[in-house]
Structures are given as structure tokens and as C-alpha cells.
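Here's a sequence, model it:
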Amino acid sequence: MSTPLLQDPLHTLTTLLDKAIERALPERNLLHYLPKPPVGRTLVLGAGKAAASMALALQKHWPVGCELSGLVVTRYGHVPKEQEGVNNRIEIMQAAHPVPDAQSVLAAQKMLALTRSLTKDDLVIALISGGGSSLLMLPVEGLSLSEKQSINQSLLSSGANIWEINCVRKHLSGIKGGRLAQACSAAKLLSLCISDVPGDDPATIASGPTVADESTCAQALEVIEKYQIKIPPAIIAALEQQMLETPKVGQMDLSKQELHIIATPRASLEAAAQWAQSQGLRAYILSDEIEGESKDVALVHAALAKACSKGLGPFVKPCVLLSGGETTVTLLPESGTVFGRGGRASEFCLSLAKALKGASDIWALAADTDGIDGVEDNAGAWVGPLTLSMAQEQGLKADDFLHRHDAYGFFQAIGGLIVTGPTFTNVNDFRAILIL
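Modelled structure (predicted):
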């Protein structure tokens, strides 16, 4: 098989990422799920990295002359330029991610206040996307903001998976885990979600503020014990006495609630695969639900790519292997850092580069589809046959950077970062490995 895509591997990889992101943009997906305006008013509430762009898309397509108001909160810098300086009918707030700040609390308080005057004639449209757990944060009584920040930071660096993290978050929150839905119970509720979680479970996306929660106080305590998360004794006691239990299915009027997932990791992987195939390049989707330590997931991907390179296994080269999901980076005390620089996509690439050992026919890219990998300014990184040799020429040892969880520093030094800026959507990890 011969294709022009193989002549510029990096361009091919970045185009695949672009196609995945385009498929998940709110402007493309939200219109199909908008209802008719209600008899009463329409209140829009939202949280997540895509919340502002979802609100923009909704306003563009809402019937002229029909009442519309509300509030959404997104990450700092994740407001599309089209909304800057515009008299939006939906208020846009910005808050911190991945560790919440005072704006996160203020947004939650204002949102709950807006629900107090709802009636049976009204409609609430909830715009939910990944990142909402941090951006919409209301500590339960007896828990301070600083304590909640410390708990959140500990969970993120513990190696816990997203379900475990959100289980604790829900039970320590006055708005997540279905509590926002309870506050909206007087009106009809339509939730439109962009999934950033393996399995697309709406109860996990942004900790499910509008979804009944099946997790329990007992399970939250198990997670806390498993990862040795420091929680104030009074809160532990409240969990043990089930005083912080979240709303369950039997406690909600589901006949007044509707939910749609409008964009998913799988759909984005399929969009990338379809583009590759349209250009004459074989594409294989491994999975959109891959979890585990980034560095270990990279070793599995490297093994598959090397086998394909040798003509072994089920994949026929030239081809691209695609995958998604949500990996983790566990920060150990001896790493000497609170947060690694660069995030899980960059760490995946660093571990992958080590395992590939400069393979001459394998190129790869990993990025977070929201455009921000961890807490730095890059979406991810890319790997090619010369990645390790370029680092060695500068005296950089991949092992040292991997131990410090400083993949950002490694790839910054050799020009291997992928920088997109905020994409205004979020369907989690995107990985593409090109075998020539």
C-alpha cells in the first residue's frame, strides 16, 4: 500500500487528532438534541471544559424571541473568542482545574440559587462535560475549601481511577452526584453531555450532577482507606453514619428527566479512522476505554506496534493504531513534586519512546482532546525515530524525566510538544501510532 500520508508522518498524526476533535465539537453535535421551548422559561446550567462552547452553540440555535437565561462554568481560558465581549444570555464563569478554587464554589452557589424559582412549566437544560467535577464544587457542611482542595489534589495524584475519584467527590459535594437534579425537581430537566470517561457513564461525567448516583458512603470510605486520603474526622464520621448519601434512582422523578450523550471518545476515534481509510491508510481502533498507568499502557502499545512492524499479529502495515480512554499518573513522594509537568498523554509518549528504542518505522502522538494535558500548555506530545537520539545529544536521559514525571520538560527540550490551545470540547485521551 502506498499513500502520501506516509511521506509526512507528523502531519498525518496531527490531522488524525484534528479529525477526532472536530467530531466532538458542540456546534456539530448539540443542535440535534435541542427541544422545543417550554411554556415557561428555559434555564441553562452547565459545567465542564466544553460548557462555554456548548452554551454558545445552544444560543446560536435557540429560537429567536424565546426566553433563555442561565449560567455555565468552564476552565480559565476555555471561553471561545466568539463569546468574549458578547452580551450572552447565558452567563459564563471561569474557575480552576484540576484543583478547584473559590470561583468553583461561587459558581455552584449561584447555580443552585437560580433553581429556587423553577416551576412545572419551566425547562432546565444542563450542559455537562469533563472537568465539571473541579469547576463546580460545593463542599458539604463542615468541609472547608482548602480541605476540599487538598483532598482533590491527593486523589488526583494517588493513582485512583476516575470512578474512585468521583465516588469520593460526590459524597463530599452539595451539588454533584445528582444533587443539582434534585434542586431542579420542580421543572423538566434535559441533560446534554459530552463524555470524557471510559464507558460513557453519565453518572461519572463531571461526577454526575444531574444523574442519580449508585455509589455509596461505604464505597467512598473504601476509596479513602485504599489510597490513604486524609479526611477530617467529622467528615469520616458523617460518611460512616451515611449522613452524606447521594440521591438514588428511587428518590428522583425520572419521568421529568431526559439525558443524551452528544459526543463520545468512540465517535471521535471512528472519525479519525474514517479519515485515514479515506486516504488509503488502514486504521485499527484498539479501544476507547483503556485505563491504567500511562507508562504501562505505553508499554502495551509499543509491543503491539513492534509486532506489527515485524509483520506479526493481526495488524497489517502500513497502518495506524488508534486508542482512547483515561490513563493515570501516580505521583510517588520520592518524585519530589506535587504534580508532574505535562500530564498523562505526555508521560505515555515518553514511556513509549523508551520502549520503541528509536524504531525507524514507527511514529506516535498522544494528546488530551481538550487541548490541555495536565497543568501545562500542551495538549500532548509526539514520538518519532529520532526522539531518543535528539534527547541524548542534549544530555537528557528519558529515565530521569520519567521518574520525575516531567515529560513536558523532556519534549519541550527536543521540540516534541503538541500545542493546540483549548479546543472547547473534551472526549479525553487520543492516541495514534503510525507504523510505516
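
Helices along the stretch 201-350 of the chain, start to end?
217-226, 233-240, 265-278, 294-309, 344-356 (DSSP state H, counting those that start in this stretch).

out of these, deepest packed?
helix 344-356 (a mean of 27; mean count of other CB atoms under 10 Å). Using the backbone N, CA and C atoms, a C-beta is placed for each residue, glycine as well.

quick one: the next helix-or-strand element following that one to helix 344-356, angle?
Downstream of helix 344-356, the first helix or strand assigned by DSSP states H and E is strand 362-368. Angle of strand 362-368 versus helix 344-356, following axes from the mean of the first three to the mean of the last three CA atoms, to 10 degrees, is 160 degrees.

what does the domain assignment say about this structure?
What automatic domain parsing lists as the domains of the chain is 4-22+265-435, 25-138+173-212+247-263.

so can I have a markdown table of those showing distance to Ala220 and mean pLDDT?
Output for these, formatted as a markdown table (distance: least, CB to CB, whole Å; pLDDT from 0 to 100):
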| stretch | distance to Ala220 | mean pLDDT |
| --- | --- | --- |
| domain 4-22+265-435 | 19 | 93 |
| domain 25-138+173-212+247-263 | 10 | 94 |
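
Now those domains in JSON lines, please, with extra columns for distance to Asn161.
Formatted as JSON lines, the domains of the chain follow (distance: least, CB to CB, whole Å):
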{"stretch": "domain 4-22+265-435", "distance to Asn161": "6"}
{"stretch": "domain 25-138+173-212+247-263", "distance to Asn161": "9"}
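
quick one: which of these is nearest Ser158?
domain 4-22+265-435 (6.7 Å; CB to CB).

Distance from that closest one to the middle of the chain?
16 Å (CA atoms, centre = their mean, to the nearest Å).

Tell me the buried residues in stretch 60-77?
Within stretch 60-77, the residues that count as buried by 16 or more other CB atoms under 10 Å are 62, 68, 70-75.

would you list every one of the strands in the stretch 1-150 of the chain?
42-47, 69-75, 90-95, 123-129 (DSSP state E, counting those that start in this stretch).

Redo those strands as a markdown table? Include distance to Thr328.
As requested, these are arranged in a markdown table below (distance: least, CB to CB, whole Å):
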| stretch | distance to Thr328 |
| --- | --- |
| strand 42-47 | 22 |
| strand 69-75 | 20 |
| strand 90-95 | 23 |
| strand 123-129 | 20 |
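
out of those, which comes closest to Ala107?
Once the strands of the stretch 1-150 of the chain are compared by CB to CB, strand 69-75 is nearest, at 3.9 Å.

Compute the inter-axis angle for that closest one and strand 42-47.
10 degrees.

Include distance to Ala381 when you put the helices of the stretch 201-350 of the chain into TSV, please.
Output for those, formatted as TSV (distance: least, CB to CB, whole Å):
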stretch	distance to Ala381
helix 217-226	31
helix 233-240	39
helix 265-278	18
helix 294-309	11
helix 344-356	4
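
ok, back up a step: who wins for proximity to Gly415 among the strands of the stretch 1-150 of the chain?
Relative to Gly415, the nearest member of the strands of the stretch 1-150 of the chain by CB to CB is strand 69-75, separated by 26.5 Å.

which other helices and strands contact that closest one?
Strand 69-75 is packed against strand 42-47, helix 51-61, strand 90-95, helix 102-114, helix 132-135, with contacts defined by 3 or more CB pairs under 8 Å, 6 or more residues apart in numbering; DSSP states H and E.

ok, 10 Å please
strand 42-47, helix 51-61, strand 90-95, helix 102-114, strand 123-129, helix 132-135 (3 or more CB pairs under 10 Å, 6 or more residues apart in numbering; DSSP states H and E).

got the contact list for the spatially closest residue to Lys120 that is not a sequence neighbour?
Among residues not flanking Lys120 along the chain, Ala186 sits closest, at 6.3 Å (CB to CB, 6 or more residues apart in numbering). The neighbours of Ala186, taking CB atoms under 10 Å, 6 or more residues apart in numbering as the test, are 115-122, 124, 256.

helix/strand/coil for Ala186?
The three-state assignment at Ala186 reads coil, by DSSP: H, G, I helix; E, B strand; the rest coil.

next one: phi and psi at it?
Per-residue torsions, Ala186: phi -70, psi -20 (degrees, to the nearest 10).

gap between it and Asp121?
From Ala186 across to Asp121, the span is 10 Å (CB to CB, to the nearest Å).

sorry, back to before: out of the helices of the stretch 201-350 of the chain, the one nearest Gln251 is which?
Among these, helix 217-226 comes nearest to Gln251, with 14.9 Å by CB to CB.

JSON lines please, covering the helices and strands packed on strand 69-75 and showing distance to Leu304.
JSON lines is the format used below for the helices and strands packed on strand 69-75 (distance: least, CB to CB, whole Å):
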{"stretch": "strand 42-47", "distance to Leu304": "37"}
{"stretch": "helix 51-61", "distance to Leu304": "34"}
{"stretch": "strand 90-95", "distance to Leu304": "39"}
{"stretch": "helix 102-114", "distance to Leu304": "40"}
{"stretch": "strand 123-129", "distance to Leu304": "30"}
{"stretch": "helix 132-135", "distance to Leu304": "32"}
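
Highest mean neighbour count out of the ones you listed?
helix 132-135 (a mean of 30).

So which other helices or strands are in contact with that helix?
strand 42-47, strand 69-75, strand 90-95, helix 102-114, helix 145-157, helix 162-171.

same thing but at 6 Å, please
Packing partners of helix 132-135 (3 or more CB pairs under 6 Å, 6 or more residues apart in numbering; DSSP states H and E): none among the helices and strands.

contacting residues around it?
Outside helix 132-135, the residues that touch it by CB atoms under 6 Å, 6 or more residues apart in numbering are 47-48, 73, 95, 97-98, 100, 104, 169, 206-207.

Also stretch 225-239?
The contact list for stretch 225-239 (CB under 6 Å, 6+ apart) reads 142-143, 154, 158, 160, 217, 220-221, 224, 244.

got the end-to-end distance for it?
12 Å (CA to CA, to the nearest Å).

One more: stretch 243-255?
By CA to CA, one end of stretch 243-255 lies 27 Å from the other end.

for Glu91, what are its contacts?
By CB under 6 Å, 6+ apart, the residues touching Glu91 are Leu71.

From what I see, Val327 and Arg344 are in contact.
Actually, residue 327 is Thr. It isn't Val. Yes: at 4.7 Å, Thr327 counts as touching Arg344 under the criterion of CB atoms under 6 Å.
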